[in-house]
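**Q** Whatever this is, show me its structure:
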Amino acid sequence: MTSLRVSISDKGLGIPHGEQQRIFGKFYRVDPQLSRGVGGTGLGLYICRELVRRMDGRMTVSSKEGEGSTFVVSSRSQPRRRPEPRALRSCSTPD
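**A** Model prediction:
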């Protein structure tokens, strides 16, 4: 079994505790009025989480307002076996 864990942190505005699971929803924005000065469509985290789920992984967030956020992506998978090399066929051209 192979494990992968990627952690990304920032020192940004942070996400209120009550919003931390909602931010992964389609078109969801913590600040729909843009008063915090952060733009976007609200699709980025939704797309990321869906991609991670389709690879049998997990994406989580921990954050404190005014201190920043940490996003963690983790996944476990079976190593793939390399296929056996196949013999090449000879190609002949008609005379």
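
**Q** Dihedrals phi and psi, the closest residue to residue 64 other than its chain neighbours?
**A** Closest residue to residue 64 apart from its sequence neighbours, by CB to CB, 6 or more residues apart in numbering: residue 14 at 5.2 Å. Heads up, the C-betas are built off the backbone N, CA and C, glycines and all. Dihedral pair for residue 14: phi 80, psi 170, per degrees, to the nearest 10.

**Q** wait, isn't residue 14 in contact with residue 66?
**A** Yes - contact criterion CB atoms under 8 Å: residue 14 and residue 66 qualify, at 5.4 Å.

**Q** how close does the residue nearest to residue 64 sit to residue 83?
**A** For residue 14, the distance to residue 83 (CB to CB, to the nearest Å) stands at 47 Å.

**Q** residues in contact with residue 87?
**A** Contacts for residue 87 (CB atoms under 8 Å, 6 or more residues apart in numbering) come out as none.

**Q** Quick check: residue 5 touching residue 71?
**A** No - assessed by CB under 8 Å, residue 5 is found out of contact with residue 71, at 11.5 Å.

**Q** The two: which has the busier surroundings?
**A** residue 71 (18 against 11; other CB atoms under 10 Å).

**Q** Just the element for the more buried one, please.
**A** strand 68-77 (DSSP states H and E).

**Q** So which bits of that strand are buried?
**A** Of the residues in strand 68-77, 69, 71, 73, 75 count as buried by neighbour count, 16 or more other CB atoms under 10 Å.

**Q** just stretch 20-29 next, same as before
**A** Under 16+ other CB under 10 Å, the buried positions of stretch 20-29 are 20, 23, 24, 29.

**Q** sec struct for residue 52, please.
**A** Here residue 52 is helix, with the state taken from DSSP: H, G, I helix; E, B strand; the rest coil.
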